[in-house]
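# Got a predicted model here, sequence first, then my questions.
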Amino acid sequence: MIATADLRAHQIARDFPLLRQPTSRGKRLAYLDSAATSQKPQAVIDALVHYYTHDNANIHRGVYELAERATDAFEEARAKVASFINAAEPAEIVWTRNTTEAINLVSFTWGLANLGRGDAIVCSQLEHHSNLVPWQLLAAKTGAELRFIGVDGDGLHMLDDLDAKLRNVKLVALSHVSNTLGTIAPLDSIVPRAHAAGALVLVDGAQSVPHFPVDVRALDVDFFAASGHKMCGPTGIGFLYAKRRLLETMPPFLTGGDMIREVGYETSSFNEIPWKFEAGTSNVAAAIALGAAVDYLASVGMDWVADHERRLTAYALRRLAAFEPRGLVIYGPPRTVDRSGVISFNFADIHAHDLASILDTEGVCVRAGHHCTMPLMEKMGWPATARASFYLYNTEEDVDQLAFALEKAATIFRL
Amino acid sequence: MDDFYKEYILDHYRNPRNFGQLESPDATFEDLNPLCGDRIRFDLSVGPDGRVSDVRFSGKGCAISQASASMLSESLKGATLAEVARLGQDSVLENVGIGISPARMKCAMLGLKVAKSAALGTLARWPDEEGAEPQST
């Protein structure tokens, strides 16, 4: 069974041309940094090339055939993303550059219009900076208070005092999956209680929607943000999902072309949703290619992706555990059901950057550092960690290569 | 890059020389590399002859940043602050040898940047960027 799944991952890996490219030292590439950005399948690269070769025109205002084709492809991609996360309609998907911009959109529009002194925003202690800094600035501007759901030493959310945290709360903003520890947030427990307390819920889905099936209506979240480049799509495109009634009442974000209905010298009226939030020419090619990425993921099947990553993570945890007698420490939830395909670790007294440099000489790409979660690292007392993260194209061979490279690091540092 | 982790580098990493802080330094500076969070502080004492009489460094980070700072600390005694401020990247590269990848050059240069900043009394430029054309913005 495991062998069959791994065989399928080997077949999938062939769809990703970059993975066939050896390193400058002639090593096979073991790309274990998909939490930072994913590699792209040929279908997505082809979609970009096809658009610029055959369909490029500015969208929405052109009356000629070419512009209509570009517009149709752009809006079709929006519909694909809406369907992928089970939004009620494509109009609930706003294109942004990335997750960060999507979260900032909510902060600058809904946030500034709705928050004030006496209100609270609740995050968790493991937020990526992208789901923390916008709320810090919003709190400073509005006088709202920023509170945090604590996490324990394993990076699991502590919900004992949640009701106290939710007093006067207007917004709960949480990472669906921690990019540092892989922790899957217990949204089933938190969302109903947040709503009961009168709050809206924003979920940073940058690390979830690429890796397992996400249904925004089943989750009953109000805002959901994600990045295309972490889900096999190109850089420069992401999206914000928000419920229609919210988008309709939110003021615009960036202003200018395309987001207007009628403009006079003194005043303007604004376009319908979602275009009200898409000022200027969007990254049309990237949006269309993200549509191709969603098609690709759907054809593989997100249930399979999730199962494969769970198996591979369990295998990697076993291989890494073999180094524990020599000082390797694995962080994050001990049970694989609580975590996604992200493993942070340190190896004895080898600094994570030195470890990543040595692994790199064996063709193994891992992240090292604070992973844009500096408060979490400070709280846990880790100056830095190394992080391996998995995706649908990773195989046991990649994990074996990581283990081989760790042996080399142990030899160099005489562990 | 793996050639870089020689015995004496690991020795300086695990047993840093002049590690600690001075009680009342004549010059001190602390900075971090925002890319990786490595942090180094240099404390310098200056004798009546105007030359560095004592030096300590402290901080945390990777083997490259800590070993580079440790080796640099051994070469500062006897220099004037003006001489420390003028040190170039070679003063580190001569110690740590060749083979540092571009991605890790800042790790090697952090200690020198901080020592120069202490001598200057203000934040110094990255030593590996000195002499480069100023970036137009």
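That came through fine.

# When you work out contacts or count neighbours from here on, use the C-alpha atoms and nothing else.
OK.

# Pull out the buried residues from stretch B:75-93.
Neighbour-count burial for stretch B:75-93 flags B:76-78, B:80-81, B:84-85, B:87-89, B:91-93 (criterion: 16 or more other C-alpha atoms under 10 Å in any protein chain shown).

# Nearest to residue A:382 among those residues?
Nearest to residue A:382 among these: residue B:92, at 27.6 Å, using C-alpha to C-alpha.

# What strand or helix carries the closest one?
Assigned by DSSP states H and E, residue B:92 belongs to helix B:90-96.

# same thing with residue B:75?
With DSSP H and E as the test, residue B:75 turns up in no helix or strand.

# any idea how far it is from residue B:112?
Here residue B:75 is placed at a distance of 11 Å from residue B:112 (C-alpha to C-alpha, to the nearest Å).

# residues near the spatially closest residue to residue A:364 that is not a sequence neighbour, how many?
Taking C-alpha to C-alpha, 6 or more residues apart in numbering or on different chains, and ignoring the residues beside it in sequence, residue A:364 has residue A:30 as its nearest neighbour in space, at 4.7 Å. Using other C-alpha atoms under 10 Å in any protein chain shown, the number of residues around residue A:30 comes to 25.

# Distance check, residue A:30 against residue A:210.
Applying C-alpha to C-alpha to residue A:30 and residue A:210 gives a distance of 19 Å.

# Check residue A:147 too.
From residue A:147 across to residue A:210, the span is 28 Å (C-alpha to C-alpha).

# which of those two has more neighbours?
Legend: neighbour count by other C-alpha under 10 Å for residue A:147 and residue A:210, higher for residue A:210 (27 against 16).

# check contacts around the more buried one.
Listed by C-alpha atoms under 8 Å, 6 or more residues apart in numbering or on different chains, the contact partners of residue A:210 are A:230-232.

# Point out the residues in the stretch 251-400 of chain A that sit beside chain B.
Within the stretch 251-400 of chain A, the positions near chain B by C-alpha under 8 Å from any C-alpha of the partner chain are A:350-354, A:357-358, A:361, A:369-370, A:383-384.

# count of residues packed around the residue nearest to residue A:151 when sequence neighbours are not counted?
Leaving aside its chain neighbours, residue A:151 sits nearest to residue A:157 (4.4 Å; criterion: C-alpha to C-alpha, 6+ apart). Using other C-alpha under 10 Å, the number of residues around residue A:157 comes to 18.

# Now residue A:157, what are its backbone angles?
Per-residue torsions, residue A:157: phi -60, psi 140 (degrees, to the nearest 10).

# closest point of the stretch 151-300 of chain A to chain B, which residue?
Closest approach between the stretch 151-300 of chain A and chain B, counting by C-alpha to the nearest C-alpha: residue A:180, at 14.7 Å.

# for that residue, helix, strand, or coil?
coil (DSSP: H, G, I helix; E, B strand; the rest coil).

# isn't it right up against residue A:340?
No: with contacts counted by C-alpha atoms under 8 Å, residue A:180 stays clear of residue A:340, the gap being 10.4 Å.

# ok, these two, which is more surrounded?
Taking other C-alpha under 10 Å, residue A:180 and residue A:340 do not tie; residue A:180 has more neighbours (30 against 25).

# who's in contact with that one?
Listed by C-alpha under 8 Å, 6+ apart, the contact partners of residue A:180 are A:126, A:342-344, A:371, A:373, A:387.

# and chain B, which of its residues are near chain A?
B:1-2, B:5, B:10, B:36-37, B:60-64.

# and the two most separated of the residues you listed?
Farthest-apart pair in the residues of chain B next to chain A is B:2 and B:37; separation 22.0 Å (C-alpha to C-alpha).
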